[in-house]
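Participant: Just need the structure, nothing else, for what follows:
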Amino acid sequence: MDWQNRLNFFFDHFEHKANVQGILVCGSYITGGANIHSDLDVHFVFDDGVDFRQRGNRYVDGLLIEYLANPPRQIRRYFEEDLADFTLNSIVQFATGEIIMDRAGVAATLKSDAIELHKKHYEASPAKIMLSINKYSIWDMKDDLAAARSTGRIDFDFLHHVFLDRLIALYMRHIGRPYSPKIILGNVDDDKIRKKYMLSRLPDPSIAELIAASITTSNPDRKYSLFVELADKVLEKFGGFEIDGFRFKSALSDNL
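Facilitator: Predicted coordinates for the structure are as follows:
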């Protein structure tokens, strides 16, 4: 049984079938690269009268179907959250997905909206000013990693992993690009991944190369030196940073 027939079987037994106006399938079965570990990602678009959302998973003949069921207003809310969080997950899913059913044209409208929002995001995402508190955070990670390396801490590799994730996330957010640890390496060096997730090349090739090298090296000394080089390069891109004289003034928390 192919994935289409498995999805039809699942939908025939879906408890909220009567409320579904559209079905959109996304992910690797549509964009390519599906393997034995891939599940089938499905969006059920409810009619707008539905006052709940639902997600779940069900195996059908060995294929795991992962579904999300939402009315259109909730899906548009996900689009808004994507743009605010620089994730673009739902937007990319709808923009690249294949419409299987569309009783009233709502799935086509959501897909068209997602494509337009994705285009506008990249058009309206220039590099942002990095606050000194964020620059301090980068400096502090460098300092903590140096201490962990020099004292031979056994959790150095774990700290490096955590700090590298934070550093890349900060950089991506400040250049207005979506970030996911699962696909960042592909974003750097794989045209197929960029096409699949609608990603554009990073604007600075030297930073892209440092990110790729930092992710793939297994040598502890090189992990540290690459992290420092990447951190310094990011700070340089955003005007540099000096720890001597650093200060950051902000309002008290509201609950004080």
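
Participant: can you pull out the strands in this protein?
Facilitator: Secondary structure of the chain by DSSP state E: the strands cover 20-26, 40-46, 54-60, 63-70, 98-102.

Participant: Deepest in the core, which of the ones you listed is it.
Facilitator: Most buried of the strands of the chain, by mean neighbour count (mean count of other C-beta atoms under 10 Å): strand 40-46, with a mean of 24. Placement of C-beta: from N, CA and C, glycine included.

Participant: any chance of the strands of the chain in a markdown table, plus distance to Ser253 and mean pLDDT?
Facilitator: Shown next, in a markdown table, are the strands of the chain (distance: least, C-beta to C-beta, whole Å; pLDDT from 0 to 100):
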| stretch | distance to Ser253 | mean pLDDT |
| --- | --- | --- |
| strand 20-26 | 40 | 97 |
| strand 40-46 | 38 | 97 |
| strand 54-60 | 34 | 97 |
| strand 63-70 | 34 | 97 |
| strand 98-102 | 46 | 97 |
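
Participant: Please pull out the lowest mean pLDDT helix or strand from the protein.
Facilitator: Ranked by mean pLDDT, DSSP states H and E, the weakest helix or strand in the chain is helix 191-196, scoring a mean of 88.

Participant: Give the residue spans of the stretch 101-250 of the chain that score low on pLDDT.
Facilitator: For the stretch 101-250 of the chain, applying pLDDT under 70 flags the ranges 125-127.

Participant: can you give me the helices for it?
Facilitator: Along the stretch 101-250 of the chain, counting by DSSP state H, counting those that start in this stretch, helices occupy 106-123, 132-150, 156-174, 184-189, 191-196, 205-216, 220-237.

Participant: Tell me which of the ones you listed lies nearest to Val20.
Facilitator: Of all the helices of the stretch 101-250 of the chain, helix 106-123 sits nearest to Val20, with 10.0 Å by C-beta to C-beta.

Participant: sorry, back to before: now do the buried residues in the least confident helix or strand of the chain.
Facilitator: By neighbour count on 16 or more other C-beta atoms under 10 Å, the buried set for helix 191-196 is 193-194, 196.

Participant: I would like the residues contacting it, please.
Facilitator: 28, 31-33, 96, 183, 186-187, 199-201 (C-beta atoms under 8 Å, 6 or more residues apart in numbering).

Participant: try stretch 157-172
Facilitator: 86, 130, 134, 137-138, 141, 144-145, 148, 153, 178-179, 181, 184, 207, 211, 214-215, 220, 223-224, 227, 230-231, 234.

Participant: Redo the helices of the stretch 101-250 of the chain as TSV? Include distance to Ala251.
Facilitator: Formatted as TSV, these follow (distance: least, C-beta to C-beta, whole Å):
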stretch	distance to Ala251
helix 106-123	30
helix 132-150	13
helix 156-174	22
helix 184-189	34
helix 191-196	41
helix 205-216	33
helix 220-237	26
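
Participant: Just the buried ones among the contacts of stretch 157-172, please.
Facilitator: Using 16+ other C-beta under 10 Å as the burial test, the contacts of stretch 157-172 include 86, 130, 134, 137-138, 141, 145, 148, 178-179, 184, 207, 211, 214-215, 223-224, 227, 230-231, 234 as buried.

Participant: circling back to that earlier point, which among the contacts of helix 191-196 gets closest to Tyr78?
Facilitator: Nearest member of the contacts of helix 191-196 to Tyr78, counting by C-beta to C-beta, is Thr96, at 15.1 Å.

Participant: which residues does the closest one contact?
Facilitator: 26, 30-31, 196-198.

Participant: Phe238 too?
Facilitator: Taking C-beta under 8 Å, 6+ apart, we find Phe238 in contact with 127, 129-130, 135, 174.

Participant: Next: Leu117.
Facilitator: For Leu117, the contacting residues are 79, 82-83, 91, by C-beta under 8 Å, 6+ apart.

Participant: roughly how far apart are Ser112 and Phe79?
Facilitator: Distance check for Ser112 against Phe79: by C-beta to C-beta, to the nearest Å, it reads 12 Å.
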